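Participant: Here is a sequence with its predicted model. Questions after.
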Amino acid sequence: MTVSASSPVGIFDSGIGGLTVVKAIQSLLPSERIIYFGDTARVPYGSKSQVTIRKYAQDDTAILMKYQPKMIIVACNTVSALALDVVKQVGNGVPVLGVLEAGAALAVQHSRNNRIGVIGTRATIASNAYSLAIGLIEPAVEVFSSPCPLFVPLAEEGYIDHPASRMIAREYLEGLLEQGVDTLVLGCTHYPILRNLIEETVGPDIAIIDSAEAIALKAKEVLVENNLLNDSASSVFPHLLVSDLPQKFKALCELFLGRDIPDVELVDV
Ligand code: DGL
C-alpha cells in the first residue's frame, strides 16, 4: 500500500466520543483529510467483554484500511486499553496512536500532589491500563479510578446539560473527591462531551485532563517524522462513516460541533 501526505488520517471510536479527538486534530492540523468511523450499531464498547472488544477493534480497523490511511488514531480508550495490538496488526505497518498513553502523560505533568483520579468505561477501568501507564511514567503517583458507564449513553443522547446527567455525575465522582485527587483524567472520549458538567461537579481546584489535544500533538509529531504532513492550504470536512442511524449521528454531531455538517455515510461492519 502506498501512502502519501495527501492520504487520510483514519480515526475511530464506538460512537460520537471520538469526535472530541477529530475536533482537536482539525484545529491543530486543518489541512489533514480525516476519515472517521463511529460504530453506532454496537456502542457501547465499555460494557462488553475483552474478546468482543478485540473483535470490534479488528472490524473497525479493517473499515478504515479500505481508505488507505497514512495513520490510524484509536479515539477510544477502551480499545486503546484492551486491543491496541489488534489495531496494529490489522493496520499492517501504518502508524497507530492510542489516546490512553497521551492522557496518562498529560495527567502526570499536571498533578502536583501525585494523586490522580481516572474515570472511564468499566472495561478500561478493569484493565488497569491507566494505572500501569501512569506508574511507568511516575511510580510515585497514586491512581484512584472509577467506572462511569452511564456517561456514554448520556453523551450519545446529547444530555450535555441535563439534571439527570448532573445527578449521575455527583453519584460517580463523590468517592474520587474524597481521595483528595488534584487531577482527573477523562479516560473515555465520550466524557469531554459532558466536560462542563463534570467540571462543575468537581469544582475549580481539580485539573481536568482530556487527551484529545495531547493526541493531536503526538499525531503531528509522527506525521512530521514520517514526512507525511499534509501542508496544502485547503481544508475539507471529515468524511464521517457510521454502522447505524446516520441521521441521528448527524444531528448529534451538529449539536456537538455547533454547525451544519455534510451527510454521514452508512457502512456495514
Ligand atoms: N469512547 C470510548 C472510550 O473512550 C468508548 C465508550 C463506549 O463505547 O463504552 O472508551
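Facilitator: All right, it came through fine.
Participant: Stretch 33-51: which residues count as buried?
Facilitator: 33-40, 42-46, 48 (16 or more other C-beta atoms under 10 Å). The C-beta positions use only the backbone N, C-alpha and C, and glycine is treated the same way.
Participant: Let me fix that, I meant to ask about stretch 76-94.
Facilitator: For stretch 76-94, by 16+ other C-beta under 10 Å, it's 76-84, 86-88, 90-91, 94.
Participant: got JSON lines for the buried residues of stretch 33-51, with distance to A107 too?
Facilitator: Converted to JSON lines, those look like this (distance: C-beta to C-beta, whole Å):
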{"residue": "R33", "distance to A107": "31"}
{"residue": "I34", "distance to A107": "26"}
{"residue": "I35", "distance to A107": "29"}
{"residue": "Y36", "distance to A107": "25"}
{"residue": "F37", "distance to A107": "27"}
{"residue": "G38", "distance to A107": "26"}
{"residue": "D39", "distance to A107": "27"}
{"residue": "T40", "distance to A107": "29"}
{"residue": "R42", "distance to A107": "29"}
{"residue": "V43", "distance to A107": "25"}
{"residue": "P44", "distance to A107": "23"}
{"residue": "Y45", "distance to A107": "22"}
{"residue": "G46", "distance to A107": "19"}
{"residue": "K48", "distance to A107": "26"}
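Participant: near the ligand, which residues of the stretch 1-150 of the chain?
Facilitator: D13, S14, G17, V43, P44, Y45, G46, C76, N77, T78, T121, T124 (C-beta under 6 Å from any ligand atom).
Participant: now the stretch 151-269 of the chain
Facilitator: V152, C188, T189, H190.
Participant: quick one: the first one and I134, what's the gap?
Facilitator: Distance of V152 to I134, computed by C-beta to C-beta, to the nearest Å: 23 Å.
Participant: how about low-confidence regions in the protein?
Facilitator: Low-confidence segments of the chain, defined by pLDDT under 70: 1.
Participant: the strands in it, which residues?
Facilitator: Per DSSP state E, the chain carries strands over the ranges 9-13, 34-38, 71-74, 96-98, 115-120, 142-147, 183-187, 207-209, 239-242, 265-266.
Participant: Just put these in a markdown table and tack on distance to D161.
Facilitator: Shown next, in a markdown table, are the strands of the chain (distance: least, C-beta to C-beta, whole Å):
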| stretch | distance to D161 |
| --- | --- |
| strand 9-13 | 22 |
| strand 34-38 | 22 |
| strand 71-74 | 28 |
| strand 96-98 | 30 |
| strand 115-120 | 19 |
| strand 142-147 | 22 |
| strand 183-187 | 17 |
| strand 207-209 | 17 |
| strand 239-242 | 24 |
| strand 265-266 | 29 |
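Participant: Nearest to E157, out of these?
Facilitator: With respect to E157, and counting by C-beta to C-beta, the nearest of the strands of the chain is strand 34-38 at 14.7 Å.
Participant: Just the angle for the closest one relative to strand 9-13, thanks.
Facilitator: Angle of strand 34-38 versus strand 9-13, following axes from the mean of the first three to the mean of the last three C-alpha atoms, to 10 degrees, is 20 degrees.
Participant: then strand 34-38 to PDB, C-alphas only?
Facilitator: As requested, the backbone C-alpha atoms of strand 34-38 are provided in PDB (Å, rounded to 0.1, in the frame of the first residue of the first chain):
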ATOM      1  CA  ILE A  34      -9.900  12.800   8.100                       C
ATOM      2  CA  ILE A  35     -11.900   9.700   7.700                       C
ATOM      3  CA  TYR A  36     -13.900   8.900  10.900                       C
ATOM      4  CA  PHE A  37     -15.800   5.700  11.700                       C
ATOM      5  CA  GLY A  38     -18.200   5.600  14.600                       C
END
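Participant: partner strands of that strand, parallel or antiparallel?
Facilitator: In the sheet, strand 34-38 lines up against strand 9-13 (parallel), strand 239-242 (parallel) (DSSP bridges).
Participant: List of residues touching it?
Facilitator: 8-16, 18-19, 22, 25-26, 60, 63-64, 67, 69, 238-243, 249, 267 (C-beta atoms under 8 Å, 6 or more residues apart in numbering).
Participant: Next: stretch 147-166.
Facilitator: Here stretch 147-166 has contacts from 14-17, 43-44, 46-47, 119-122, 124-126, 168-169, 172-173, 188, 190-191, 193-194, 196-197, 200-201, 252, 255-256, using C-beta under 8 Å, 6+ apart.
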